[in-house]
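*Asks:* after the sequence you'll find the predicted model.
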Amino acid sequence: MSDASANKEVSEAGNSKRQDYLHWDDYFMATSLLSAQRSKDPVTQVGACIVDQQKRIVAIGYNGLPRNCSDDEFPWSKLSKNSSPDSLEEKKLYVVHAEANAILNSNGGSLVGTCLYTTLFPCNECAKLIIQSGIQKVFYMSDKYAHKKIYRASRRMLDSVGVVCTRHVPAQKQILIDFDAFLQDDR
Ligand SMILES: Nc1ccn([C@H]2C[C@H](O)[C@@H](COP(=O)(O)O)O2)c(=O)n1
Ligand SMILES: [Zn+2]
């Protein structure tokens, strides 16, 4: 870029920093939401990311089947009312939760003092993993299952050990990712 066009860009953009940049918490929650888009669950897609004290994303995950279990062979539904209680055709027997996947994806690095951003409040099994791995804070968006026993147990555990759980209130209503607009300047 010539000096003249660089100067022109500066004068057009002004010399002060952008004001509409993403806030950290929105950035991390949006990352979790984007990750949730990878989920094959037809009802609830959950995404999670883990952030260290230097604001670095150290792991990310979404709800899905264990590695090499076929998304097309295993069930994606809950047990229907008329199916046998012995049936193996229910997703909860197989799905790895987003938070568990994020923890597992951290490759064994220490998670002590980190924050977990999840699109849905963690269940009791994930709460156990969160506590055991030393995650200090949980930010969540939805708490749609708060009334259920396993989520009440989860909150009880997290509260009792001082893992602070905060509902994330986004600073901006939406974040649009427009691949096409991004490439407009290249044309
Ligand atoms: N904190 C959570 C809660 C649930 N999940 C997963 C487990 C299932 O794939 C799905 C929930 O399905 P639903 O009962 O709404 O049909 O979300 C998770 O990853 N993390
Ligand atoms: Zn869970």
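*Replies:* Arrived safely. Ligands and ions are numbered 1, 2, ... in the order given.
*Asks:* residues touching Thr31, list them.
*Replies:* For Thr31, the set of contacting residues under the criterion of Cβ atoms under 8 Å, 6 or more residues apart in numbering consists of Gly47, Cys49, Ile57, Ile60, Tyr117. Every C-beta, even on glycine, is put in place using the N, C-alpha and C of the backbone.
*Asks:* contacting residues around Met157?
*Replies:* Here Met157 is in contact with Asn124, Ala127, Lys128, Ile131 (criterion: Cβ under 8 Å, 6+ apart).
*Asks:* and it, that one's in a helix?
*Replies:* Yes. Checked against DSSP: H, G, I helix; E, B strand; the rest coil, Met157 lies within a helix.
*Asks:* now do the same for the most centrally placed residue in the chain: helix, strand or coil?
*Replies:* Averaging the C-alpha coordinates of the chain gives a centre point, and the residue nearest to it by Cα atoms, centre = their mean is Ala48 (2.2 Å). Remark: Ala48 carries the secondary structure label strand [criterion: three-state DSSP].
*Asks:* any quick ChimeraX command for the buried ones out of the contacts of Met157?
*Replies:* For the buried members of those, the matching ChimeraX selection, counting by 16 or more other Cβ atoms under 10 Å, is:
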select :124,127,128,131
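*Asks:* quick one: Lys91 from ligand 1, how far?
*Replies:* Distance, Lys91 to ligand 1, by Cβ to the nearest ligand atom, to the nearest Å: 6 Å.
*Asks:* tell me which stretches of the chain form strands.
*Replies:* Counting by DSSP state E, one finds strands in the chain at the ranges 47-51, 57-62, 115-120, 137-142, 164-167.
*Asks:* Phe28: which of those is closest?
*Replies:* If you check each of the strands of the chain against Phe28 by Cβ to Cβ, strand 115-120 wins as the nearest, at 4.3 Å.
*Asks:* I'd like the distance from the closest one to the chain centre, please.
*Replies:* Using Cα atoms, centre = their mean, to the nearest Å, the distance from the centre of strand 115-120 to the centre of the chain it belongs to is 5 Å.
*Asks:* which residues touch it?
*Replies:* Where contact means Cβ under 8 Å, 6+ apart, the residues beyond strand 115-120 that reach it are 25, 28-29, 31-33, 36, 44-51, 98-99, 102, 122, 130, 135-145, 168.
*Asks:* export stretch 175-187 as CSV, just CAs?
*Replies:* As requested, the backbone C-alpha atoms of stretch 175-187 are provided in CSV (Å, rounded to 0.1, in the frame of the first residue of the first chain):
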residue,chain,number,x,y,z
ILE,A,175,-23.4,-10.9,15.7
LEU,A,176,-23.7,-11.4,12.0
ILE,A,177,-21.1,-13.4,10.2
ASP,A,178,-21.5,-12.6,6.6
PHE,A,179,-18.9,-14.5,4.5
ASP,A,180,-20.0,-12.8,1.3
ALA,A,181,-19.7,-9.2,2.7
PHE,A,182,-16.3,-10.0,4.0
LEU,A,183,-15.1,-10.9,0.5
GLN,A,184,-16.7,-7.8,-1.1
ASP,A,185,-13.5,-5.8,-1.1
ASP,A,186,-11.7,-8.6,-3.0
ARG,A,187,-13.9,-8.2,-6.0
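*Asks:* that'll do, ta.
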